[in-house]
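Trainee: I'd like to go over a predicted model; first the sequence, then the structure.
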Amino acid sequence: MPAGAVFDQDGTNTSATTAPGAETTTTSTGGAGDGSNPGTTTTTDDAGGVDAVSDVLAGQLDRIVPEWFPSDQLVNLVLAVAIIVFAWYLSKLVVRLFGRTIAQRLQRPSVTRTVLRMVRLGVMGLAFAIAAPLVGLGLGNVLLSVTVFSAVLGIVLAPIVGSIINGVFVLADQPYEIGDMIQLADRQTTGFVEDITIRYTKIFTLDNTFLVIDNSSIRGRDVINYSAEDERTRLSLSIIVTYEGDLDEARELIEDAAKEVDLVIPGGPDIRIGAARYPAAPTCYIDDYADHGVKLTLRYWAKQPYKLLTVRSRVQENVWTKLEDADVEIAYPHSHVVFDETSGELPVSMQSDSPGTGGRGPD
């Protein structure tokens, strides 16, 4: 018997065969003596459940939104916003779950932050790709024409792409790391590296200000890194003492003055720089025989580079105190004028202002 056929009690076929998935109507007629209803009609829809939910939701939205606003567009807009919000919190959760593992494997804060930013960006990009079709944004609507896109790429994106490329080199070359104390040699700005991205480097200066420099600019500058390998920093102090003073005593007192500062390394094993080794204790050298005295240069090591000006100030205070009562005098520029028989004549006049002299004395 064909599918979908229905027969009366008397064997007569009263329904037609229908295609699968289509709506079917079946009619049955009861006999006079069977006690059944005169007739019933039954309708079945295969996709009725989904359509019913959509119709109910659309009907409820019709009461809320204005008549001119399509309900379907509002549903898609709400769904798109929900996807983006969900992706935002999902990206934060992914960073929280895998951030420590990534940091332990990479062991570099700057690269770790860059990777985590890319992870969050990937999650959000996937969310936007899913949500865009819901609000009617296709690939053709997002991309510009070839001419306009080329102009934007050449004018606007070229500096950004350059910064990104230089940022990759900064992360690869490792001239500095987050937390390092660096100095820009061209502008004498010193601070701590706060953040490194593929576009810029953020420096927290010692003046309590932020300095943001794009990576394409900072790669062309001379950067002094005070804390890359070894935090110990060598400083120097030049002093000119007179020729008449005790030179050995002056050198000993200057060295002792530096050792008494708690921020200075007082001694220990030699400090290695490259293939050379230098004494760790403060050492005073005879640098030069200058015009007005002997130039002494003190070399000493600061334990940390974070307060170099404070270290220099304390060392100079101790040097001044040590030399004040010693047989050593700090030289200053002065000149002696000597006349002899070959110098010619120089007229000299004297004047006395003491009481009782009557004013001006003899010439």
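Mentor: Okay, I see it.
Trainee: can you pull out the strands in the stretch 251-363 of the chain?
Mentor: Per DSSP state E, counting those that start in this stretch, the stretch 251-363 of the chain carries strands over the ranges 271-273, 276-278, 283-289, 294-302.
Trainee: in the stretch 201-350 of the chain, which spans are helices?
Mentor: Here the stretch 201-350 of the chain has its helices, by DSSP state H, counting those that start in this stretch, at 215-218, 247-259, 308-324.
Trainee: Turn the strands of the stretch 251-363 of the chain into CSV, including mean pLDDT and mean neighbour count.
Mentor: The way it works is simple: take the backbone N, C-alpha and C, and place the C-beta from them, glycine included. Formatted as CSV, those follow (pLDDT from 0 to 100; neighbours: other C-beta atoms under 10 Å):
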stretch, mean pLDDT, mean neighbour count
strand 271-273, 87, 12
strand 276-278, 89, 10
strand 283-289, 93, 14
strand 294-302, 94, 20
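Trainee: Please convert these to JSON lines, extending it with distance to residue 329.
Mentor: Listed next are the strands of the stretch 251-363 of the chain as JSON lines, based on distance: least, C-beta to C-beta, whole Å:
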{"stretch": "strand 271-273", "distance to residue 329": "33"}
{"stretch": "strand 276-278", "distance to residue 329": "30"}
{"stretch": "strand 283-289", "distance to residue 329": "16"}
{"stretch": "strand 294-302", "distance to residue 329": "11"}
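Trainee: how close does the closest residue to residue 253 other than its chain neighbours sit to residue 259?
Mentor: The spatially closest residue to residue 253, leaving aside those adjacent along the chain, is residue 322, at 4.2 Å (C-beta to C-beta, 6 or more residues apart in numbering). According to C-beta to C-beta, to the nearest Å, residue 322 stands 11 Å off from residue 259.
Trainee: Neighbour count for these two, which is higher?
Mentor: residue 322 (20 against 15; other C-beta atoms under 10 Å).
Trainee: my guess is that one contacts residue 254, does it?
Mentor: Yes. With contacts counted by C-beta atoms under 8 Å, residue 322 reaches residue 254, the gap being 7.1 Å.
Trainee: As JSON lines, the helices of the stretch 201-350 of the chain with distance to residue 230 would be great.
Mentor: As requested, the helices of the stretch 201-350 of the chain are exported to JSON lines (distance: least, C-beta to C-beta, whole Å):
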{"stretch": "helix 215-218", "distance to residue 230": "23"}
{"stretch": "helix 247-259", "distance to residue 230": "19"}
{"stretch": "helix 308-324", "distance to residue 230": "15"}
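Trainee: what ranges do the strands span in the stretch 101-250 of the chain?
Mentor: 181-184, 189-196, 200-205, 210-214, 223-225, 233-241.
Trainee: Partner strands of the first one, with direction?
Mentor: On the basis of DSSP bridges, the sheet neighbours of strand 181-184 come out as strand 189-196 (antiparallel), strand 223-225 (antiparallel).
Trainee: who wins for proximity to residue 97 among those strands?
Mentor: The minimum distance between residue 97 and the strands paired with strand 181-184 falls on strand 189-196, with 22.3 Å, by C-beta to C-beta.
Trainee: gap between the two ends of stretch 101-114?
Mentor: Terminal residues of stretch 101-114 lie 14 Å apart, using C-alpha to C-alpha, to the nearest Å.
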